[in-house]
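Chemist: Sequence first, predicted coordinates after that:
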Amino acid sequence: MVLAYAAPFFVLSIAVEWMLVRAGKLSGTYETKDALTSMLMGFGNLLSDITMGFISLGVLLWAWQFRLFDWGVSLPIILLALIAQDFLYYWKHRAAHRVRWLWTAHVVHHSSEYYNLSTALRQPWNNHFTGFVLLSTPLVFLGVHPLLLGFVAALNLLYQYWIHTEAIDRLPSWFEAVFNTPSHHRAHHGTNPQYLDSNYAGILIIWDKMFGTFVPEARDEKVTYGLVQNVKTFNPIKIAFNEMWGAIKDVCQPNLSLLQRLKYLFAPPGWSHDGSRQSSARIKADHIAKNPHLSGTPGLPDLP
Ligand SMILES: [Zn+2]
Ligand SMILES: [Zn+2]
């Protein structure tokens with residue numbers, strides 16, 4: 001609901017950024033079809049929440065009966081829930097990049113080859129069908145009420161809206177050190193080998209630093225936005241279901257073992273039974289093998 005109220009603000013701020021970028025007053029790039037597609041994806045995401053959100057809410061309300069604690073709702077508890085949810089968001093987001101079945105939804109957010117405020121609205125339509133919500137149940141078991149959880153999750157997404165911009169270069173170093181920023185999140189949207197699988201943060205970037213996934217945006221490595229294999233379409237339905245359809249086709253191929261079929265769903269994206277595809281680990285390893293002078297660059301492995 002928080003996000004529905006924010007919709008007019010989203011549209012207005014996108015219009016302003018768009019005009020200023022066109023006028024050459026802000027850095028960034030807008031492509032009309034791309035931005036309109038992103039906004040349509042956002043609208044579809046809102047519709048899917050309104051019509052299917054009860055599935056995820058139902059799971060969380062069901063989990064609520066097994067709670068170990070009941071903290072009630074007060075300002076300190078809301079703040080604690082915000083931080084706890086941000087920590088959980090980090091792991092959920094990481095899983096969404098590393099487990100192909102979850103990636104079939106999150107891939108949508110990464111499908112634009114541009115990076116501006118409209119990109120933030122490019123969101124999946126099939127989130128309530130992947131079981132992603134199950135990853136949120138630990139917080140409910142720990143006593144965060146599902147409605148409070150939904151509220152702080154919305155605040156988290158709201159925070160991430162403004163960081164989808166090229167108009168802000170770097171913020172003061174203390175802020176860059178603690179919070180997720182346009183610079184950190186630009187790297188997250190990059191397909192450059194060093195930026196793949198980096199900066200999963202929602203609000204606080206400290207989780208990436210704690211768990212070894214932080215990669216700073218480098219001055220000498222301009223971010224190339226999008227996917228390793230771009231969808232090359234502005235058709236919202238294709239964007240919404242392309243990867244899920246691909247996963248289903250992979251699983252249903254003839255002559256695969258059960259384990260191979262399961263890996264097409266749960267191994268990292270890019271896994272294939274015959275090694276014909278490129279996982280991010282392989283892309284990084286190939287890149288460092290071809291460019292040994294990059295050894296030591298954050299986000300790239302050590303030389304073999
Ligand atoms: Zn992501
Ligand atoms: Zn993003």
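Modeler: Happy to help now that I have it. Ligands and ions are numbered 1, 2, ... in the order given.

Chemist: For the spatially closest residue to residue 188 that is not a sequence neighbour, the count of nearby residues, please.
Modeler: Spatially, and ignoring its direct neighbours in sequence, residue 188 is nearest to residue 199 (4.0 Å; Cβ to Cβ, 6 or more residues apart in numbering). All C-beta spots, glycine's among them, are computed from the backbone N, C-alpha and C. When neighbours are defined as other Cβ atoms under 10 Å, residue 199 has 27 of them.

Chemist: Could you do the one 3 residues further on as well?
Modeler: Burial of residue 202, expressed as a neighbour count using other Cβ under 10 Å, amounts to 24.

Chemist: now it: how far from residue 163?
Modeler: 10 Å (Cβ to Cβ, to the nearest Å).

Chemist: helices or strands up against the longest helix belonging to the chain?
Modeler: Within the chain, and with DSSP state H defining each element, the longest helix by residue count is helix 32-64. Helix 32-64 sits against helix 2-22, helix 117-121, helix 137-141, helix 146-161, helix 236-251, with contacts defined as 3 or more Cβ pairs under 8 Å, 6 or more residues apart in numbering; DSSP states H and E.

Chemist: If you count neighbours, what's buried in the third one?
Modeler: Buried residues in helix 137-141, defined by neighbour count with 16 or more other Cβ atoms under 10 Å: 137, 139-140.

Chemist: Remind me what that helix packs against, helices and strands.
Modeler: By 3+ Cβ pairs under 8 Å, 6+ apart, helix 137-141 packs against helix 32-64, helix 75-98, helix 146-161.

Chemist: Please apply the same query to the second one.
Modeler: Applying 3+ Cβ pairs under 8 Å, 6+ apart, one finds that helix 117-121 makes contact with helix 2-22, helix 32-64, helix 146-161.

Chemist: Tell me which of the ones you listed sits most buried.
Modeler: Of all the helices and strands packed on helix 117-121, helix 146-161 has the most neighbours on average by mean count of other Cβ atoms under 10 Å, namely a mean of 18.

Chemist: relative orientation of that one and helix 32-64 in degrees?
Modeler: Using axes from the mean of the first three to the mean of the last three Cα atoms, to 10 degrees, the inter-axis angle of helix 146-161 relative to helix 32-64 is 160 degrees.

Chemist: what's the span of stretch 271-291, first residue to last?
Modeler: End-to-end distance of stretch 271-291 (Cα to Cα, to the nearest Å): 24 Å.

Chemist: Can you tell me what sits against that stretch?
Modeler: For stretch 271-291, the surrounding residues in contact (Cβ atoms under 8 Å, 6 or more residues apart in numbering) are 100, 193-194, 196-197, 228, 250, 256, 260, 263-264, 268-270, 294-295, 299-304.

Chemist: next one: that stretch to chain centre, how far?
Modeler: From the chain centre to the centre of stretch 271-291 is a distance of 22 Å (Cα atoms, centre = their mean, to the nearest Å).

Chemist: buried set for that stretch?
Modeler: If you call a residue buried by 16+ other Cβ under 10 Å, then stretch 271-291 has these buried ones: 271, 273, 279-280, 283-285, 287-288.

Chemist: cool, stretch 215-228 as well?
Modeler: Neighbour counts over stretch 215-228 (16+ other Cβ under 10 Å) mark 215-217, 221, 223, 225-227 as buried.

Chemist: which one of those residues is nearest residue 170?
Modeler: residue 217 (8.4 Å; Cβ to Cβ).

Chemist: Quick check: which element contains the closest one?
Modeler: In this assignment (DSSP states H and E), residue 217 forms part of neither any helix nor any strand.

Chemist: correct me, but it touches residue 194?
Modeler: No - checked against Cβ atoms under 8 Å, the pair residue 217 and residue 194 is beyond contact range at 10.0 Å.

Chemist: from the buried residues of stretch 271-291, which ones fall inside strands?
Modeler: Using DSSP state E, the subset of the buried residues of stretch 271-291 located in strands is empty.

Chemist: I'd like to know which of the helices and strands packed on helix 32-64 is closest to residue 87.
Modeler: Closest to residue 87 of the helices and strands packed on helix 32-64 is helix 137-141 (Cβ to Cβ; 9.1 Å).
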